[in-house]
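Participant: structure here, sequence nowhere to be found:
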């Protein structure tokens, strides 16, 4: 099984369920065969769809590609997702340099916020 198979299956099932669509309806929207949707959802050994099949399915269901490619980013907040993705792309040296800066920035932001509340 590919590393993306489960996140892909989960994202398709979740989006399809939210929209109240059957596999056949998704296939029709994506102009593909219903068996392709079934394979993607069931994580079978044939769950390695071609981009020409996957792309219209993702678009038809309005799936955020990060759900598939960055499943470890479990937050619904897009700002947190963006921050997590940026951090994941840092080199070790960049991360090391950013950690104290982020700590200080958060300390300042949080102390300013507390001061605003007490005034």
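Facilitator: Good, I have the coordinates. Model, not experiment: these values are computed from the prediction.
Participant: tell me where the model's unsure across the protein.
Facilitator: Scanning the chain for pLDDT under 70 picks out 1, 44-47, 73-75, 115-119.
Participant: tell me which residue lies nearest the centroid of it.
Facilitator: For the chain, residue 67 is the residue whose C-alpha lies nearest the centre (C-alpha atoms, centre = their mean; 2.0 Å).
Participant: what helix or strand does residue 107 sit in?
Facilitator: Following DSSP states H and E, one finds residue 107 within helix 92-118.
Participant: cool, residue 41 as well?
Facilitator: Using DSSP H and E, residue 41 sits in helix 34-42.
Participant: so how far is residue 40 from the closest residue to residue 61 other than its chain neighbours?
Facilitator: The shortest distance from residue 61 to any non-neighbouring residue, by C-beta to C-beta, 6 or more residues apart in numbering, is to residue 15 (3.8 Å). C-beta coordinates here come from the backbone N, C-alpha and C atoms, glycine included. Residue 15 is 11 Å from residue 40, where distance means C-beta to C-beta, to the nearest Å.
Participant: and the two? Which one has more around it.
Facilitator: A side-by-side neighbour count of residue 15 and residue 40, using other C-beta atoms under 10 Å, places residue 40 first with 25 against 19.
Participant: just the buried residues of the helix holding residue 41, please?
Facilitator: Judged by neighbour count (16 or more other C-beta atoms under 10 Å), helix 34-42 contains these buried residues: 36-41.
Participant: which residues sit against it?
Facilitator: With C-beta atoms under 8 Å, 6 or more residues apart in numbering as the test, helix 34-42 has contacts from 8-9, 12-13, 16, 23-24, 26-27, 30, 46-47, 49, 53-54, 57.
Participant: right, and the helix or strand after it?
Facilitator: helix 51-60.
Participant: quick check: angle from that next one to helix 34-42?
Facilitator: If you take axes from the mean of the first three to the mean of the last three C-alpha atoms, to 10 degrees, helix 51-60 sits at 80 degrees to helix 34-42.
Participant: what helices or strands is helix 51-60 leaning on?
Facilitator: For helix 51-60, the elements it packs on are helix 23-30, helix 34-42, judged by 3 or more C-beta pairs under 8 Å, 6 or more residues apart in numbering; DSSP states H and E.
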